[in-house]
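Trainee: Build me a model:
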Amino acid sequence: MTQNERGFTLMSEAYKSSTLMSEAYKGFTLIEILIALVITGLMGAALLGLQFIISQNQIVAWQSYISVDEANTNVTSLVREVRTAKESENGAYPMALANDQEIIFYSDYDFDGETERIRYYLNGTQFSKGVIEPTGQPATYPSGNEIVKMLSDNVRNGTSPVFYYYNGDWPADTLNNPLSTPSNLSDIKLVRVLLKLNTDPNDPESDYILESYSQVRILKENL
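Mentor: The predicted structure is shown next:
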């Protein structure tokens, strides 16, 4: 092989090597870059969506916990107040009203030595408490003086009772208990409270049932 032929062969091999390296290190095409950007964007959106869902679930769970905790505290107070119900300052009977979704009675709920008129009631999804302090001599309880506080706005009882009433023969007497409402006040010896709580009105399967019983001590017949 002549020197010229050898030189031409070397140049050909160098060109081939350069071509192969060029192909090996060739950059992405515009279509490939666009596809990569779309995939990256979709993955980012999916991660953001997942994070949002997790955050929302955590918020709902926290709100539910707060709602149930507050309702539990309020029901505990209700039970104590019913248990210690007594005659009003003007001698009225301890129980004043006993309906499915409203109860009125007299009790010294704030331990100030005076008996207040206390009302618990459900209006839609709002469970509230109203208190009237006695005034004058002889004592009166003006309805215009009632101070109302909403205890919960996540009650899902609908038309179902919040309050159930039982006579002194319960639990042996299941035929006449719970008492029909409005109940004969003199028959009531025990009150049952049942609240269905849920911060999500569209998820009835997640209703939290809060239930408690309270015996009116002053009306017990077996003392």
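
Trainee: ok so Val79 is a strand residue?
Mentor: No. Read with DSSP: H, G, I helix; E, B strand; the rest coil, Val79 is helix and lies in no strand.

Trainee: Give me the nearest residue to it, chain neighbours excluded.
Mentor: Ser214 (4.1 Å; Cβ to Cβ, 6 or more residues apart in numbering). C-beta here means a position set from N, CA and C on the backbone, and glycine is covered the same way.

Trainee: Quick check: which ranges of this protein have low pLDDT?
Mentor: When residues are selected by pLDDT under 70, those of the chain lie in 1-28, 49-69, 220-223.

Trainee: Which parts of it are helices?
Mentor: 3-24, 30-83 (DSSP state H).

Trainee: Kindly export stretch 91-99 (C-alpha atoms) in PDB.
Mentor: C-alpha atoms of stretch 91-99 as PDB (Å, rounded to 0.1, in the frame of the first residue of the first chain):
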ATOM      1  CA  GLY A  91     -90.900  26.900  93.300                       C
ATOM      2  CA  ALA A  92     -91.600  25.700  89.800                       C
ATOM      3  CA  TYR A  93     -91.100  22.000  89.000                       C
ATOM      4  CA  PRO A  94     -87.500  21.000  88.100                       C
ATOM      5  CA  MET A  95     -88.500  20.000  84.600                       C
ATOM      6  CA  ALA A  96     -90.300  22.600  82.500                       C
ATOM      7  CA  LEU A  97     -90.400  21.000  79.000                       C
ATOM      8  CA  ALA A  98     -89.500  17.600  77.500                       C
ATOM      9  CA  ASN A  99     -89.600  17.400  73.700                       C
END
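
Trainee: That one: how far from the chain's middle?
Mentor: Remark: stretch 91-99 is offset 31 Å from the chain centroid, using Cα atoms, centre = their mean, to the nearest Å.

Trainee: which residues touch it?
Mentor: 85-88, 103-107, 117, 119, 163, 165, 179, 181-183, 185-186, 188, 191, 216, 218-219 (Cβ atoms under 8 Å, 6 or more residues apart in numbering).

Trainee: Can you give me the buried ones in that stretch?
Mentor: The neighbour-count check on stretch 91-99 (16 or more other Cβ atoms under 10 Å) flags Pro94, Met95, Ala96, Ala98, Asn99 as buried.

Trainee: Let's have those in TSV, adding distance to Ile31.
Mentor: Below are the buried residues of stretch 91-99 laid out as TSV (distance: Cβ to Cβ, whole Å):
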residue	distance to Ile31
Pro94	84
Met95	81
Ala96	80
Ala98	77
Asn99	73
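
Trainee: Show me which of those residues is closest to Leu34.
Mentor: Asn99 (68.6 Å; Cβ to Cβ).

Trainee: and Val75, what does it touch?
Mentor: With Cβ under 8 Å, 6+ apart, Val75 has these contacts: Val193, Leu195, Leu210, Ser212.

Trainee: Now, these that are in strands?
Mentor: Val193, Leu195, Leu210, Ser212 (DSSP state E).

Trainee: farthest pair in those?
Mentor: Maximum distance among the ones in strands among the contacts of Val75 (Cβ to Cβ): 9.2 Å, for Leu195 and Ser212.

Trainee: So these two - more neighbours on which side?
Mentor: More crowded of Leu195 and Ser212, by other Cβ atoms under 10 Å: Leu195, with 26 against 15.
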